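Any chance you could fold what I've pasted below:
(one chain, ligands or ions: 1)
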Amino acid sequence: MLTVSDNDFGNLRSHDDSENGVRLQDSPVRTGNRLPLAKRLYVALDYDNLDDALRLVDQLRDSGVSFKIGMQLFYKTGPVVIERLRETGCEIFLDLKFHDIPNTVAGAADSAAALGVSMLNVHAAGGIEMMRRSKQAAVERARQSGMKPPLVIAVTQLTSTDQQTMNEQIGIAGTVADTVVRYARLAQAAGLDGVVASAHEILAIRAACGEQFVTVIPGIRPAWAAANDQKRIVTPAEAIRLGADYLVMGRPITHAPDPQDAVRKILAEMADAAKEIL
Ligand code: C5P
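Residues are numbered from 1 along each chain as shown. Prediction:
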């Protein structure tokens, strides 16, 4: 069991996190994020067609949650899915994880920002210039279009990569936590707004990059949901207590027999945890 307290800032590497879940002791972590909790929950629309995605959006629209569109759906439907979601007034995270030469990624960020999304992401492994130019392009496009600039977020080390794969195949030495924090610092130096990371790295990222640097956290499972292929999971309450700004959750909602009820339960759990840290 991974046990986290205030004393653990910056020292997560020593934890035994072989079991799932994070047990919090006293002094919960605060986040400066003042958005309504529902907006901080991004439901991953991992569908292969527009109809299924829009059906779920329609079911959940009254809850006020936000939605994440990933590669599968976007490459199937193109921008129309964003246009349809924008009609509902929800926040949209376009999760296409850009990684190419700086000029190309800046162009992609410009195109994505023109769609009116609230958040988009690039790989930190693309380096500072790539990240900086993507942020500049997104901000400039939003300014020219009279829209709020999207948050530009860096993907750190994918949660599907373990230390052995990272060390032996990708050729990056050290622990996953070291790499995540290094990428988070790079992203901050490039002017990005935050990172996607596992909940297990939130405290180390906050210690390195401060309270204003945004964390976007997938790998979250309510106690009543199946883990699926996610390994180092935390519950919604644990993610909030650890200081996650945004929670990304797919199958516990999209595969639930009653997605509205699943969202109600998740938001109630998040609200209870948030009360503890006010
Ligand atoms: O269904 P589930 O809750 O596992 O979905 C998690 C979502 O978060 C998926 O859309 C997945 O692509 C995304 N994600 C992730 N791990 C990362 C980055 C993104 O699970 N490191």
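
From here on, just use CA atoms for contacts and neighbour counts.
Fine.

contacting residues around the residue of the stretch 1-150 of the chain found nearest the ligand?
At 4.9 Å from the ligand, Ala44 is the closest residue in the stretch 1-150 of the chain, using Cα to the nearest ligand atom. Ala44 makes contacts with Phe67, Lys68, Ile69, Gly70, Val248, Met249, Gly250, Arg251, Thr254, as judged by Cα atoms under 8 Å, 6 or more residues apart in numbering.

so which of those residues also contact the ligand?
Restricting those to those touching the ligand (Cα under 6 Å from any ligand atom) yields Val248, Met249, Gly250, Arg251.

The third one: how many residues sit nearby?
The tally of other residues near Gly250 (other Cα atoms under 10 Å) stands at 19.

Please apply the same query to the second one.
Number of residues near Met249 (other Cα under 10 Å) recorded here: 23.

if we look at the sheet, which residues does the residue most central in space within the chain bridge to?
Nearest to the mean C-alpha position of the chain, by Cα atoms, centre = their mean, lies Val216 at 2.7 Å. Each beta-bridge partner of Val216 is listed here: Val196, Tyr246, as defined by DSSP bridges.

quick one: pLDDT of it?
Per-residue pLDDT puts Val216 at 98.

tell me which parts of the chain are close to the ligand?
When proximity is defined as Cα under 6 Å from any ligand atom, the chain approaches the ligand at Ala44, Asp46, Leu158, Thr159, Pro218, Gly219, Gln230, Val248, Met249, Gly250, Arg251.

pretty sure the second one is in a strand, no?
In other words, Asp46. No. Read with DSSP: H, G, I helix; E, B strand; the rest coil, Asp46 is coil and lies in no strand.

Distance check, it against Lys68.
For Asp46, the distance to Lys68 equals 8 Å [Cα to Cα, to the nearest Å].

More neighbours: which of those two?
For the pair Asp46 and Lys68, the greater number of neighbours falls to Lys68 (23 against 18), based on other Cα under 10 Å.

that older thread, can I get the residues of the chain next to the ligand in JSON lines with distance to Met119 and secondary structure?
JSON lines is the format used below for the residues of the chain next to the ligand (distance: Cα to Cα, whole Å; DSSP: H, G, I helix; E, B strand; the rest coil):
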{"residue": "Ala44", "distance to Met119": "13", "secondary structure": "strand"}
{"residue": "Asp46", "distance to Met119": "17", "secondary structure": "coil"}
{"residue": "Leu158", "distance to Met119": "18", "secondary structure": "coil"}
{"residue": "Thr159", "distance to Met119": "20", "secondary structure": "coil"}
{"residue": "Pro218", "distance to Met119": "15", "secondary structure": "coil"}
{"residue": "Gly219", "distance to Met119": "18", "secondary structure": "coil"}
{"residue": "Gln230", "distance to Met119": "23", "secondary structure": "coil"}
{"residue": "Val248", "distance to Met119": "12", "secondary structure": "strand"}
{"residue": "Met249", "distance to Met119": "16", "secondary structure": "strand"}
{"residue": "Gly250", "distance to Met119": "17", "secondary structure": "coil"}
{"residue": "Arg251", "distance to Met119": "21", "secondary structure": "helix"}
